[in-house]
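Asker: give me the fold of what follows.
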Amino acid sequence: MAGRDWIRPGGANPFRPLRALDPRRPHQAGDLIAADVQWWNVPDFTVGWVSEQRDRLRQAAPRYHGFAGSDLGERLGEAPFGLVAEHHSFRWTRPSSPDRHVANLATQSYVVAMPDDERERFLADEVRSLRATFPDGGLDEPYVTALTIAAHPD
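Answerer: Predicted coordinates for the structure are as follows:
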């Protein structure tokens with residue numbers, strides 16, 4: 001019977017090097033290792049308004065990371081230890097509103113770390129921008145979730 005493991009590398013921190021994938025454990029043909037380092041859902045930057053917001057964040061918030069390095073598929077590349085990697089992702093949306101979206105944005109560390117006056121101005125500008133983009137008050141927050149499966153070759 002094939003085994004399955006679910007691993008959160010680096011203590012569930014996607015910005016630490018991939019070390020927790022334990023190659024010393026014996027794996028047999030048919031065993032799978034699912035490595036999930038995107039323990040949050042990454043905004044889908046292929047959507048216009050999300051990409052535009054990312055650009056504004058890069059200018060306003062010096063600590064904004066843009067989710068760089070959070071894609072395990074990019075970081076893992078070819079699977080180590082003789083394993084074969086398969087990279088999968090799926091897109092999904094969550095219904096929201098401009099006010100709710102910006103309230104969530106206000107809780108992110110890169111926004112919290114902004115000087116108070118700059119943060120308040122930025123958040124007010126974001127609410128205005130999103131209300132103009134979504135005048136009916138509803139917006140769908142688009143996300144991408146990624147999964148890399150490393151399988152022992154048969």
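
Asker: contacting residues around residue 91?
Answerer: 44, 142, 143, 144 (CB atoms under 8 Å, 6 or more residues apart in numbering). The way it works is simple: take the backbone N, C-alpha and C, and place the C-beta from them, glycine included.

Asker: all the helices of this protein, residue numbers only.
Answerer: Counting by DSSP state H, one finds helices in the chain at the ranges 9-12, 48-60, 72-76, 98-105, 109-112, 116-133.

Asker: compare these and give me the one nearest residue 88.
Answerer: Each of the helices of the chain has some distance to residue 88 by CB to CB; the shortest is helix 72-76, at 8.4 Å.

Asker: pLDDT below threshold where in this structure?
Answerer: 1-40, 67-84, 148-154 (pLDDT under 70).

Asker: and residue 124, how many neighbours does it have?
Answerer: Per other CB atoms under 10 Å, the neighbour tally for residue 124 reads 11.

Asker: and it, how far is that from residue 102?
Answerer: Going from residue 124 to residue 102 by CB to CB, to the nearest Å gives 9 Å.

Asker: list the contacts for residue 50?
Answerer: By CB under 8 Å, 6+ apart, the neighbours of residue 50 are 43, 44, 142.

Asker: make TSV from these and add neighbour count and distance to residue 57 to it.
Answerer: What follows is these, written out as TSV (neighbours: other CB atoms under 10 Å; distance: CB to CB, whole Å):
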residue	neighbour count	distance to residue 57
43	17	10
44	17	15
142	17	16
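
Asker: tell me which of these is nearest to residue 94?
Answerer: Nearest member of the contacts of residue 50 to residue 94, counting by CB to CB, is residue 142, at 8.4 Å.

Asker: once you drop chain neighbours, what's closest to the closest one?
Answerer: Nearest in space to residue 142, with sequence neighbours left out and distances taken as CB to CB, 6 or more residues apart in numbering, is residue 44 at 3.8 Å.

Asker: so residue 139 sits against residue 101, correct?
Answerer: Yes - counting by CB atoms under 8 Å, residue 101 is a contact partner of residue 139 at 6.4 Å.
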